[in-house]
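1. No sequence on hand, only this structure:
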């Protein structure tokens, strides 16, 4: 093959070396506009997995890199002067300049032609005369720009400002300094890359950056290689204690805003993207150089394995794009955490450190427990201490109060529509469905949305509470739960609004009924989707009826023995649609501004709160974002939550979306938890109001991680409980927990031990077991002394 490579950074050079190693007959040419000794930045970090791949592909490059690595296992975090160390991670880093030298030497040895200080020819010319054109020309890729109609790139400019430095202070581990200043929170990301220096990145929100005066050089245009010396002097002053008298080293150091790059397609004919030209991920989650070299490994392998270039590039994209997108999701969670770091300023230092370490949701409590059991034990003890708990236990099994209601643990059965009632009457199905979750250990068992009127149903199968007969049927469920378990029972009251009069889910979700349908209402005459009912815009008389229906249902709920009432103001149902600008186009006092859109939902909530005795908490579920360009955002959700807290909500149950069929949610692990986190820290916690996280929380590790980090007070699990009605008790068995937070029904007590999965007659030596049981975490530090002795 004749291969043209635009960009002679690590990714492009490594790909050139791999292709030439696979077949010396390949003709490989690289164009690099900078000189060979020009490099911007200081160190690069690699994972053990990436290094293993490099070793397998090119042992020469790996051996030369290995000789220059700084290695360590610890993460040091200093938060407002409080130091913490977590071990067992495993890192390797080296100088970016030395990495480039290794790769430059390698491609020269292999016979690759490299044109330094030379702009690449026009991409059209290259693709016409070469079999393959590799665009590894970075964030501002000219090749990507030229073919943007095919690659369809998106660049997301983020809210933080950051600046890259080096320092002659050699850190011994990965180092985070988080500092509260008079202007706001600032942080340092640092790590050693040799026995002589460390990378030193200063980051802060743009608002903090401006308040601190760093914007004084904003209008200046620094030439390549020239650094912002004003920033250097200010940072020396602000972080004098952290720098310990050491120097700040500059190399094209100037303030930047991070851009997340995504491309819908990574190749066009014989032109393919690699590294930052194809994607970026925030530096807090990993190295762009690492990702680029992983791209190079995958692309070289695909070209070697497939008979045509087209097949190879298709395979490369299919292999790498999902991996990169997963990394980008973690990086997005991480960068958003750092953008919002100021809201954690009042956290307890131990909880803050755990929050920081688990910010991407890739590292969890169990991960940390495996790597550093002492640190994990300390986190559980600190959580227990702050909750005023008598015993240390997994966070999910610590008791919690919602208003005056005490729950034995922090697990809630999330409301899930079952569509199995007849004329609104709950029956044996509901008794078994909800009773099994109560027996299975959940602290709070919630009904599905229980409709306040016949016309407030979603489907003919939805249960209701508009009659005394229905109240009697619900009392049968609450009586069973209270007599046979220590769980508490909550009921979710709601009105379907414009999403009503539809078929059962398994007959056609959101599809209008063909027979037996009823008129639906909404804030405006706008359908939920193209094939959905056109609602009638609610009149004031309609609204008065709805308020009265909620009040009557709440009175019946108290009579039926429920311990908690939740008002459903999420998922596009009536109250939710009033809140959303997507569904609410009213021009009266109930539409327009957020204050106006809140008016009717708050009226309903206040009426329910006034009806219900103080001993019974009233909570609310909201959609924290509409996942729509013109819909509610997470910032709107903060204000919506604030309004419900002021109205007396004892807890905010934070879900999202389902307001429009056109929504584009960003699904992922615990994907709604950041919304709960923001509401908890900005609104709920100061008011002693609990926050419930829900959405793709599926393991006890997820739950404990969310709670220990302070992102929520309670976790609601839905489908997980459908898979395993006794999930909570089984989670207790998995964690070897026995206590009041997971009390097994006496009839089931014999099953509280986890059954063996296999049988073996092999007995390990007792002394070996003793040695293994006494194993301690090895805290490997990087120091110039160790580097000089080769240790």
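-> Perfect, thanks for sending it. Note that the coordinates shown come from a computational prediction; the quantities given were computed from them, not determined experimentally. Residues are numbered from 1 along each chain as shown.

2. per-residue confidence for the nearest residue to residue 488 once chain neighbours are set aside?
-> Closest residue in space to residue 488, ignoring its immediate chain neighbours: residue 563 at 4.2 Å, by Cβ to Cβ, 6 or more residues apart in numbering. For every residue, glycine as well, the C-beta is placed using N, CA and C. At residue 563, the model reports a pLDDT of 98.

3. helices or strands next to the biggest strand by length in the chain in the packing?
-> As assigned by DSSP state E, the longest strand anywhere in the chain is strand 153-167. Counting contacts by 3 or more Cβ pairs under 8 Å, 6 or more residues apart in numbering; DSSP states H and E, strand 153-167 is packed against strand 198-205, helix 206-211, helix 229-238, strand 248-249, strand 256-263, helix 309-339.

4. I'd like the ones you listed written out as JSON lines, with distance to residue 613 added.
-> Output for these, formatted as JSON lines (distance: least, Cβ to Cβ, whole Å):
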{"stretch": "strand 198-205", "distance to residue 613": "44"}
{"stretch": "helix 206-211", "distance to residue 613": "44"}
{"stretch": "helix 229-238", "distance to residue 613": "54"}
{"stretch": "strand 248-249", "distance to residue 613": "63"}
{"stretch": "strand 256-263", "distance to residue 613": "50"}
{"stretch": "helix 309-339", "distance to residue 613": "40"}
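
5. Give me the average confidence score over the longest strand of the chain.
-> So the average pLDDT for strand 153-167 ends up being 96.

6. in it, what's buried?
-> Counting neighbours by 16 or more other Cβ atoms under 10 Å, one finds that the buried residues in strand 153-167 are 153, 158, 160-167.

7. Likewise for stretch 83-97?
-> Quick answer for stretch 83-97 (16+ other Cβ under 10 Å): 84-89, 91-97.

8. swap in stretch 696-705?
-> Within stretch 696-705, the residues that count as buried by 16+ other Cβ under 10 Å are 696-697, 699-705.

9. Show me the two of those residues that sit farthest apart.
-> Using Cβ to Cβ, those span at most 15.8 Å, a distance reached by 696 and 704.

10. sorry, back to before: among the buried residues of stretch 83-97, which are in helices?
-> In this view, the buried residues of stretch 83-97 that belong to helices under DSSP state H are 96-97.

11. burial count for residue 385?
-> Residues lying near residue 385 (other Cβ atoms under 10 Å) number 12.

12. Name the helix or strand for it, please.
-> Using DSSP states H and E, the element containing residue 385 is helix 373-387.

13. between the buried residues of stretch 83-97, which is nearest residue 172?
-> residue 85 (9.6 Å).

14. what residue is smack in the middle of the protein?
-> residue 333 (4.3 Å; Cα atoms, centre = their mean).

15. how about residue 226, what does it touch?
-> When contacts are counted by Cβ atoms under 8 Å, 6 or more residues apart in numbering, residue 226 is found next to 252, 254.

16. Is it in a helix, a strand, or coil?
-> Here residue 226 is recorded as coil under DSSP: H, G, I helix; E, B strand; the rest coil.

17. how close does it sit to residue 137?
-> 22 Å (Cβ to Cβ, to the nearest Å).

18. same question, residue 164
-> Counting by Cβ to Cβ, the gap from residue 164 to residue 137 is 19 Å.

19. can you check residue 708 too?
-> 43 Å.

20. which of the two has more neighbours?
-> Between residue 708 and residue 137, residue 137 has the larger neighbour count (other Cβ under 10 Å), namely 28 against 24.

21. Tell me if that one really is in a strand.
-> No. Counting by three-state DSSP, residue 137 is located in no strand; its state is coil.

22. Read off the pLDDT value for it.
-> On the pLDDT scale, residue 137 is placed at 97.

23. For it, give me phi and psi.
-> phi -100, psi 30 (degrees, to the nearest 10).

24. and if you look at residue 216?
-> Taking degrees, to the nearest 10, you get phi -60, psi -20 for the backbone angles of residue 216.

25. Kindly provide the distance from residue 249 to residue 165.
-> Counting by Cβ to Cβ, the gap between residue 249 and residue 165 amounts to 6 Å.

26. Overlap of the contact sets of those two?
-> Shared between the contact lists of residue 249 and residue 165 (criterion: Cβ under 8 Å, 6+ apart) are residues 42, 200.

27. in what helix or strand does residue 549 lie?
-> helix 540-559.

28. Show the subsequent helix or strand relative to that helix.
-> Counting by DSSP H and E, what follows helix 540-559 is strand 564-569.

29. what packs against that next one?
-> Right, strand 564-569 is packed against strand 444-451, strand 488-494, helix 540-559, helix 574-579, helix 594-611, strand 618-623 by 3+ Cβ pairs under 8 Å, 6+ apart.

30. now the fifth one, how far from the centre of its chain.
-> Mean C-alpha position of helix 594-611 versus that of the full chain (Cα atoms, centre = their mean, to the nearest Å) differs by 31 Å.

31. now the second one
-> Strand 488-494 has its C-alpha centroid displaced from the chain centroid by 28 Å (Cα atoms, centre = their mean).

32. Excluding chain neighbours, give the residue nearest to residue 12 in space.
-> Of all residues not flanking residue 12 in the chain, residue 136 sits nearest, at 3.6 Å (Cβ to Cβ, 6+ apart).

33. Might you report the residue contacts of the one you found?
-> Applying Cβ under 8 Å, 6+ apart to residue 136 gives the contacts 5-7, 9, 11-12, 15, 273-275, 277, 292.

34. any idea how far it is from residue 261?
-> 13 Å.

35. Which neighbours do those two have in common?
-> residue 277.

36. Show the residue spans covered by the strands in the stretch 401-550 of the chain.
-> 405-407, 411-413, 444-451, 488-494, 521-522, 536-537 (DSSP state E, counting those that start in this stretch).

37. Identify each buried residue in the first one, please.
-> For strand 405-407, the buried set under the neighbour-count rule, 16+ other Cβ under 10 Å, comprises 405, 407.
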